[in-house]
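J.: output the structure for:
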Amino acid sequence: MIEAQQWHPVALSDVVVDAPLPVRLLDQELVLWRDALGQVQAFVDRCPHRGARLSLGRVQDGQLECPYHGWQFASGGQCVKVPAVPAFVPPAKHCVASYGVQEVHGLVWVQLAPAAEGQAPVPLPVFEAEADERLRKLNCGPYDVEASAPRIIENFLDMSHFGFVHEGWLGSRDATEMSHYEVEATERGVKATGCKAIQPQSNLHSTKPAEVDYSYEVTAPYTALLTKVPESGSSKQGWREAIGLFVCPVTPERSRVWFRLAVADFDSSDEQLQQFQHTIFTQDQPVLESQMPKPLPLDAKAELNSPADRMSVAYRRYLKASGVTFGVC
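T.: Below is the predicted model:
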């Protein structure tokens, strides 16, 4: 399954602290914990001894301790202690499955399977705005959504719903016509440029409607980026604010969502910026959760399209060509 080779966000870094943290990814139960060096480890959430959940245990002396019999596991998954038999030296087969972990963008990312033999390692999804030191970065979420990861990504790429779902915020019913925009395939996925819309309140401080110019890019099956050109007359001309959408595919029909903001707003509090994003996404959420079928159909004839849906169609083609099967039908 190609999805297992991708890197997926599973938790905010700052919530993985002293206690083991259970998470779910691609229908698999995992446990996150920090070792003696402060590095996050990701194990199957099941002790290989008698099947108890390791997330119910604790971290003891830099090892993950099972709640049932106290077996302790070191970084990498090897069992290093069996309290009932102190002199016993656990052999190599006494281990728990562990997975690749990285901490980037304030999130913990997990890879369930390495790249196939002979293939290049799979990189983390790109968020180029992270390197722009002029921009302020913060995360919003998580949001637990009863929708498939591809449905959530597709919604993020769609501007034609602004005047209905986000009326008075990102759009209005008297200005729903979409101008032509360009879509192209990239080495990482697909990209749309020249996406323009009149928005009543395009950001937290907007006081009048303004035309925005967006670009959208899919850089991994469950990752999408929005880049915004500053409005005409802005003191931030030449800057490019961005929003990254990072989706954890929990099950084929359930997801956990984070947004990564890279903005030029240094006046608002974190809470104010997060609340604005919260308002927008919770307008989307009930619609997303109502869509049927919950998996995203990849058959070109399964759902109807219009010229406004060029980016959506390109995204579906990209998923199909990539061999993605989780969250699609």
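J.: now the end-to-end length of stretch 130-149.
T.: Its start and end residues considered, stretch 130-149 measures 23 Å (CA to CA, to the nearest Å).
J.: buried residues, it. List them.
T.: Along stretch 130-149, these residues count as buried under the neighbour rule (16 or more other CB atoms under 10 Å): 130, 135-137, 139-143, 145, 147-149. C-betas here are computed from N, CA, C, even on glycine.
J.: would you list those in CSV and tack on pLDDT, distance to Val190 and secondary structure?
T.: Rendered in CSV, the data for the buried residues of stretch 130-149 read as follows (pLDDT from 0 to 100; distance: CB to CB, whole Å; DSSP: H, G, I helix; E, B strand; the rest coil):
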residue, pLDDT, distance to Val190, secondary structure
Glu130, 93, 21, helix
Leu135, 93, 24, coil
Arg136, 94, 28, strand
Lys137, 96, 25, strand
Asn139, 98, 25, strand
Cys140, 98, 24, strand
Gly141, 97, 24, strand
Pro142, 98, 25, strand
Tyr143, 98, 24, strand
Val145, 98, 22, strand
Ala147, 98, 20, coil
Ser148, 98, 18, coil
Ala149, 98, 16, helix
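J.: just the closest of those to Gly57, please.
T.: Taking CB to CB as the measure, Gly57 sits nearest to Pro142 out of those, at 23.5 Å.
J.: which ones are touching Phe259?
T.: Applying CB atoms under 8 Å, 6 or more residues apart in numbering to Phe259 gives the contacts 139-141, 243-246, 277, 281.
J.: parallel or antiparallel, which strands does the helix or strand that contains Leu64 pair with?
T.: Per DSSP states H and E: Leu64 is located in strand 63-65. Note on strand 63-65: by DSSP bridges, its sheet partners are strand 58-60 (antiparallel), strand 72-73 (antiparallel).
J.: among these, which is the most enclosed?
T.: Mean neighbour counts were taken over the strands paired with strand 63-65 using mean count of other CB atoms under 10 Å, and the top value, a mean of 24, falls to strand 72-73.
J.: touching that strand from outside, list them.
T.: Outside strand 72-73, the residues within contact range by CB under 8 Å, 6+ apart are 43, 54, 60-61, 63-66, 79-81, 95-96.
J.: let me know the closest of the residues you listed to Lys301.
T.: Compare each of the contacts of strand 72-73 with Lys301 using CB to CB and the shortest gap goes to Phe43, at 43.1 Å.
J.: let me know how buried that closest one is, in neighbour terms.
T.: For Phe43, the count of nearby residues is 24 (other CB atoms under 10 Å).
J.: so for stretch 151-158, mean pLDDT?
T.: The average pLDDT for stretch 151-158 rounds to 98.
J.: give me the contacts around that stretch.
T.: When contacts are taken as CB under 8 Å, 6+ apart, the neighbours of stretch 151-158 outside the stretch itself are 145, 161, 192, 216, 218, 221-224, 226, 245, 247, 255, 257, 284, 287-288, 291, 294-296, 309, 311-312, 315-316, 327.
J.: which of these are buried?
T.: In those, burial by neighbour count holds for 145, 161, 192, 216, 218, 221-224, 226, 245, 247, 255, 257, 284, 288, 291, 294-296, 309, 311-312, 315-316, 327, counting by 16+ other CB under 10 Å.
J.: so Val247, which of the three states?
T.: In the three-state summary, Val247 is assigned as strand, counting by DSSP: H, G, I helix; E, B strand; the rest coil.
J.: of the contacts of strand 72-73, which is the nearest to Leu170?
T.: Ranking the contacts of strand 72-73 by separation from Leu170, with CB to CB as the measure, puts Phe43 on top at 41.3 Å.
J.: what sits opposite the closest one in the beta ladder?
T.: Listed by DSSP bridges, the beta-bridge partners for Phe43 are Val31, Ser98.
J.: what's near enough to touch Asp270?
T.: Remark: with contacts taken as CB under 8 Å, 6+ apart, Asp270 is in contact with Leu138.
J.: got the end-to-end distance for stretch 250-258?
T.: Terminal residues of stretch 250-258 are spaced 13 Å apart (CA to CA).
J.: scratch that, stretch 107-124 is what I was asking about
T.: Using CA to CA, one end of stretch 107-124 lies 12 Å from the other.
J.: export the strands paired with strand 63-65 to a markdown table and tack on mean pLDDT?
T.: Output for the strands paired with strand 63-65, formatted as a markdown table (pLDDT from 0 to 100):
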| stretch | mean pLDDT |
| --- | --- |
| strand 58-60 | 97 |
| strand 72-73 | 98 |
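J.: pull the contacting residues for the residue nearest the centre of the chain.
T.: With distances taken as CA atoms, centre = their mean, Phe246 lies nearest the centre of the chain, 1.9 Å away. Residues in contact with Phe246 (CB under 8 Å, 6+ apart) are 9, 105, 107, 125, 222-223, 257-260.
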